[in-house]
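Trainee: curious how this folds, go ahead:
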Amino acid sequence: MRYYIIAGERSGDLHAGNLVKSIKSLDPDSRFRGFGGEYMEQAGVELAVHYRDLAFMGLAELITNARKISHYIRRCKEDISQYKPDVIILIDYGGFNLQIARFGKKNGFKVFFYIPPKYWAWYPNRALWLKPYVDRLFVILPFEKDFFRRFDWESDYVGNPVLDAIKMHVPDPLFITRNGLRDKLPYVALLPGSRKQELKRIIPLMVEIAKRFPDQHFAVAAVNNLDGKLYEDVRNRTNVTLVFEDTYNLLLNSNAAIVTSGTATLETALFKIPQIVVYRANALSYWIAKWLVKVPFISLVNLIAGREVVKEMIQSTANPRNVSDELKRMLNDTVYRSKMIDDYKDIIRILDTGSASDNAATLMVKYLQHK
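Mentor: The predicted structure follows:
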């Protein structure tokens, strides 16, 4: 069968790559094309567009880049029409993929949505916009099944692919030596995100934290597909090391982390690393989000637990003083650290239902074979 798969950012690309591998094990004659990144390409997907051209963060950025996004939506529709897949598989990236879902359904293509947009967080009724255009919905958070049921929409809960990725991770025994970190242990991991807009707002905060802890070493999870100038200020700190494209090994060898809100907060928890969650947005984006967001937390860690497990510092509260105070507590208070790690173990028990990629692939192939 022919599959067209779309992921608009880094974590979606990772999960798409793992899904493709699982589908191939069940459907050896499968062929894949789509929008995505390196993980999808390594899994055997022929890329039409790399996600670096699609990664916009926040409502303000989406508005100012509307023309560019529209161009890629048209390009995607044309590519699907030429490729003629048996199914379109959409992964997160809500606004873009909603348009593709509509197009696919109206043009006779079967549409599966794996890792649907976080409609439960803000403007829940948008689920009704998506529902008519999706044949099957595959969710990755336990509470999402009940959320979509409120709209008379039955979904398949397949487990969480972030846990899959971490279970599959093989630690690199040469990581410390190769990155020159042997004499800099223990270090604090800094995860500023993988989008340009995230780095512009979070890197200055991380530079200030490094200044306040001159005797503490920090290691930054950096990515190659962004302009290196975005890391320039933090690169100039003598107590900071940049580590490119190796976040999991970076986390595995850290003793605490400062993490930009997103999937990385869950990844950090699953590695059992105490963390602070920080978030800074464009003022307009933050104002709109504050008006629309309907959940009590921004991190997946706290949302899954249903309580505060990690501290969240948002916008003005994400300042050097607050972050420094929390970092000191995480580094020095052993009881506090232990409690956070015990809470992480509860989250792991909630999510551990087998391989999400294998579960989703099995259901997808079954649904396609019984069409």
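Trainee: please make it C-alpha for all contacts and neighbour counts, starting now.
Mentor: Fine.
Trainee: all helices for the stretch 101-250 of the chain, in order.
Mentor: 127-130, 142-149, 161-168, 175-178, 196-212, 232-235, 247-252 (DSSP state H, counting those that start in this stretch).
Trainee: residues in contact with the third one: which ones?
Mentor: Pointing back at helix 161-168 there. The contact list for helix 161-168 (C-alpha atoms under 8 Å, 6 or more residues apart in numbering) reads 15, 18, 140, 248, 263, 266-267, 270-271, 348, 351-352, 354-357.
Trainee: go with 10 Å
Mentor: 11-12, 14-16, 18-19, 115, 140-141, 169, 248, 263-264, 266-268, 270-271, 348, 351-360 (C-alpha atoms under 10 Å, 6 or more residues apart in numbering).
Trainee: which ones among those are found in helices?
Mentor: 11-12, 14-16, 18-19, 248, 263-264, 266-268, 270, 348, 351, 356-360 (DSSP state H).
Trainee: run through the stretch 151-300 of the chain and note the low-pLDDT ranges.
Mentor: 282-295 (pLDDT under 70).
Trainee: break this protein into its domains for me.
Mentor: The chain is divided into the following domains under automatic domain parsing: 2-159+355-369, 175-351.
Trainee: would you turn the ones you listed into CSV with mean neighbour count and distance to residue 165?
Mentor: Below are the domains of the chain laid out as CSV (neighbours: other C-alpha atoms under 10 Å; distance: least, C-alpha to C-alpha, whole Å):
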stretch, mean neighbour count, distance to residue 165
domain 2-159+355-369, 18, 8
domain 175-351, 18, 9
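Trainee: that older thread, make CSV from the helices of the stretch 101-250 of the chain and add distance to residue 51 to it.
Mentor: Below are these laid out as CSV (distance: least, C-alpha to C-alpha, whole Å):
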stretch, distance to residue 51
helix 127-130, 22
helix 142-149, 26
helix 161-168, 19
helix 175-178, 27
helix 196-212, 13
helix 232-235, 23
helix 247-252, 19
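Trainee: can you tell which of those is closest to residue 337?
Mentor: helix 247-252 (15.5 Å; C-alpha to C-alpha).
Trainee: in its sheet, what does the next helix-or-strand element following that closest one sit against?
Mentor: Under the assignment DSSP states H and E, the closest C-terminal helix or strand after helix 247-252 is strand 254-260. Counting by DSSP bridges, the strands paired with strand 254-260 are strand 187-191 (parallel), strand 275-279 (parallel).
Trainee: which stretch among the ones you listed comes nearest residue 223?
Mentor: Nearest to residue 223, of these and by C-alpha to C-alpha, is strand 187-191 at 10.4 Å.
Trainee: could you check the angle helix 196-212 makes with that closest one?
Mentor: With axes from the mean of the first three to the mean of the last three C-alpha atoms, to 10 degrees applied, the angle from strand 187-191 to helix 196-212 works out at 160 degrees.
Trainee: from the chain's centroid, how far away is strand 187-191?
Mentor: 18 Å (C-alpha atoms, centre = their mean, to the nearest Å).
Trainee: please apply the same query to stretch 25-43.
Mentor: 19 Å.
Trainee: same check on stretch 253-266?
Mentor: 12 Å.
Trainee: end-to-end on it?
Mentor: 17 Å (C-alpha to C-alpha, to the nearest Å).
Trainee: on that earlier part again, could I get the strands paired with strand 254-260 as CSV with distance to residue 124?
Mentor: Converted to CSV, those look like this (distance: least, C-alpha to C-alpha, whole Å):
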stretch, distance to residue 124
strand 187-191, 29
strand 275-279, 22
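Trainee: for these, which one sits closest to residue 365?
Mentor: strand 187-191 (35.9 Å).
Trainee: you'd agree residue 331 is up against residue 254?
Mentor: No: taking C-alpha atoms under 10 Å as the definition, residue 331 is not a contact partner of residue 254, at 11.1 Å.
Trainee: apart from its chain neighbours, what residue comes closest to residue 97?
Mentor: Closest residue to residue 97 apart from its sequence neighbours, by C-alpha to C-alpha, 6 or more residues apart in numbering: residue 90 at 6.3 Å.
Trainee: pLDDT at that neighbour, what is it?
Mentor: On the pLDDT scale, residue 90 is placed at 98.
Trainee: what bridges to it?
Mentor: residue 6, residue 113.
Trainee: so what's it up against?
Mentor: Residue 90 touches 4-8, 12, 16, 34-35, 96-98, 100-101, 111-116, 134, 137, counting by C-alpha under 10 Å, 6+ apart.
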